[in-house]
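Undergrad: can you look at this prediction? I've put the sequence above it.
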There are 2 protein chains.
Amino acid sequence: MKSRLIFFFSRSTEKAECFSIMEIPLNFFCCEHQLRSVFSIFPKDALVIRLKQVIAARKDLNMGAGKLAVQVAHASVSCVLLIFGSGNRSWEGWLKKWVEEGQKKIVVKVFSQKELGELYQEATSLGLPTSFINDAGLTQLEPGTATTVGIGPGPDELVDKITGKLKLY
Amino acid sequence: MKSRLIFFFSRSTEKAECFSIMEIPLNFFCCEHQLRSVFSIFPKDALVIRLKQVIAARKDLNMGAGKLAVQVAHASVSCVLLIFGSGNRSWEGWLKKWVEEGQKKIVVKVFSQKELGELYQEATSLGLPTSFINDAGLTQLEPGTATTVGIGPGPDELVDKITGKLKLY
């Protein structure tokens, strides 16, 4: 079983943020509820995993704003559909928590199809739900043009390993 | 049981497109398969329902391209999540077919929160899955600003009743 970094941090207002970093097996925990029950030494409001979904979009295609929005939505929805069909408890837990937190989504830019492909590979190999979008090509783009990659929802720190260095679109 | 307009049209290349408009009960059919089994007088390739999702976004907010994309994706994903939690067989059938068809999404523009609210009300009253998005307001916008409305996936003609007059974003 592969191990992954998961960060816990305190939300307490009485002291400065206190980080505790632990290496735990992937797929062992799927939601905050399970984590709380194991790490019961933490006060009730101390244990928070934050989740996000990052969508990488190709800036080099110069898509119009509406076109970009559609490609980003394709990537986002495709990840959600993947999770629903997966039977993967971790992913389902992440999705549930992500929705409760308000579905944090971030759009970042890349500049080639190659870069898009590499992100997809890296995110998949880290065990994150991912989607790769090719445009139908009815407007603006050639059919089959790769436009976006969706990564997550997954824990912030896990997603940041892949996309942390990329700039906002 | 409310009745709704459903359009059938011929895909035949041998004759001009031939439209047949019928009033049938909502929730009676949920997918092309069921329609085919009832209307067996139609040739196998004659009966097609096309589905789409339309997302209306506020142009008056002058959102950046990335911000717009996130708000559109919120609306799109929220409709999908609504369907999964609904137990509504028609919606589930529409979702399945829409995914098979390639998740057609269209982004259109409106110019006020009032217009957004009216679209939401109209679409909901027609029995379409809908979502109404208020931004968390962490960047660019005031917290709680209404940004987008998601409508569908649903049959083209049903969605067009609400959004047919709106221009592409």
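TA: Received the coordinates, thanks.

Undergrad: ok, A:V54 to chain B distance?
TA: A:V54 sits at a distance of 11 Å from chain B (criterion: C-beta to the nearest C-beta, to the nearest Å). Where you see a C-beta, it was placed from the backbone N, CA and C, and this is true even at glycine.

Undergrad: tell me the bridge partners for A:F132.
TA: A:V149 (DSSP bridges).

Undergrad: that one: what's it in contact with?
TA: A:F132 makes contacts with A:L116, A:G117, A:Y120, A:A146, A:V149, as judged by C-beta atoms under 8 Å, 6 or more residues apart in numbering or on different chains.

Undergrad: switch to 7 Å and redo it
TA: Contact analysis of A:F132 by C-beta atoms under 7 Å, 6 or more residues apart in numbering or on different chains lists A:Y120, A:A146, A:V149.

Undergrad: leaving out the residues flanking it, which one is nearest to A:C79?
TA: Spatial nearest neighbour of A:C79, excluding adjacent residues (C-beta to C-beta, 6 or more residues apart in numbering or on different chains): A:G150 at 4.3 Å.

Undergrad: which residues does the one you found contact?
TA: A:Q53, A:I55, A:A75, A:S76, A:S78, A:C79, A:T130, A:S131.

Undergrad: hang on, the second one is in a helix, isn't it?
TA: When you say that, I think you mean A:I55. No - using DSSP: H, G, I helix; E, B strand; the rest coil, the secondary structure at A:I55 is strand, not a helix.

Undergrad: tell me, how many residues neighbour it?
TA: Look at A:I55: counted by other C-beta atoms under 10 Å in any protein chain shown, it has 29 neighbours.

Undergrad: and it, what pLDDT?
TA: We have a pLDDT of 98 for A:I55.

Undergrad: just to check, it is in contact with A:K109?
TA: No - the pair A:I55 / A:K109 is not scored as a contact, 10.2 Å apart, by C-beta atoms under 7 Å.

Undergrad: contact partners of stretch A:106-122?
TA: Contact with stretch A:106-122 is made by A:52, A:54-60, A:72, A:130, A:132, A:146, A:149, A:151, A:162-163, A:166-169, B:66, B:69-70, as judged by C-beta under 7 Å, 6+ apart.

Undergrad: what about 6 Å?
TA: A:54-60, A:72, A:130, A:132, A:146, A:149, A:162-163, A:166-167, A:169, B:66, B:69-70 (C-beta atoms under 6 Å, 6 or more residues apart in numbering or on different chains).

Undergrad: for chain B, what are the nearby residues on chain A?
TA: A:65-66, A:68-70, A:72-74, A:76-77, A:80, A:102-103, A:105, A:107, A:136, A:168-169 (C-beta under 6 Å from any C-beta of the partner chain).

Undergrad: which among those residues count as buried?
TA: Neighbour-count burial (16 or more other C-beta atoms under 10 Å in any protein chain shown) applied to the residues of chain A next to chain B gives A:65-66, A:68-70, A:72-74, A:76-77, A:80, A:103, A:105, A:107, A:169.

Undergrad: just the closest of those residues to B:W94, please.
TA: The nearest member of these to B:W94, counting by C-beta to C-beta, is A:V77 at 13.8 Å.

Undergrad: residues contacting the closest one?
TA: A:V77 touches B:S76, B:V77, B:V80, counting by C-beta under 6 Å, 6+ apart.

Undergrad: in JSON lines: those, plus pLDDT and secondary structure.
TA: Shown next, in JSON lines, are these (pLDDT from 0 to 100; DSSP: H, G, I helix; E, B strand; the rest coil):
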{"residue": "B:S76", "pLDDT": "98", "secondary structure": "helix"}
{"residue": "B:V77", "pLDDT": "98", "secondary structure": "helix"}
{"residue": "B:V80", "pLDDT": "97", "secondary structure": "helix"}
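
Undergrad: count of neighbours near the nearest residue to A:D156 once chain neighbours are set aside?
TA: Nearest residue to A:D156, sequence neighbours excluded (C-beta to C-beta, 6+ apart): A:R50, at 4.7 Å. Applying other C-beta under 10 Å, we find 14 residues neighbouring A:R50.

Undergrad: now do the SS call for A:V108.
TA: Three-state assignment for A:V108 (three-state DSSP): strand.

Undergrad: run through chain A and note the low-pLDDT ranges.
TA: Applying pLDDT under 70 to chain A flags the ranges A:1-48.

Undergrad: could I get the full set of helices for it?
TA: In chain A, the helices defined using DSSP state H lie at A:32-38, A:65-84, A:89-101, A:113-125, A:156-163.

Undergrad: my guess is A:V54 meets A:T148, correct?
TA: No - counting by C-beta atoms under 6 Å, A:V54 does not reach A:T148; the two are 10.6 Å apart.

Undergrad: circling back to that earlier point, can you redo the contacts of A:F132 as JSON lines with neighbour count?
TA: What follows is the contacts of A:F132, written out as JSON lines (neighbours: other C-beta atoms under 10 Å in any protein chain shown):
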{"residue": "A:Y120", "neighbour count": "19"}
{"residue": "A:A146", "neighbour count": "20"}
{"residue": "A:V149", "neighbour count": "30"}
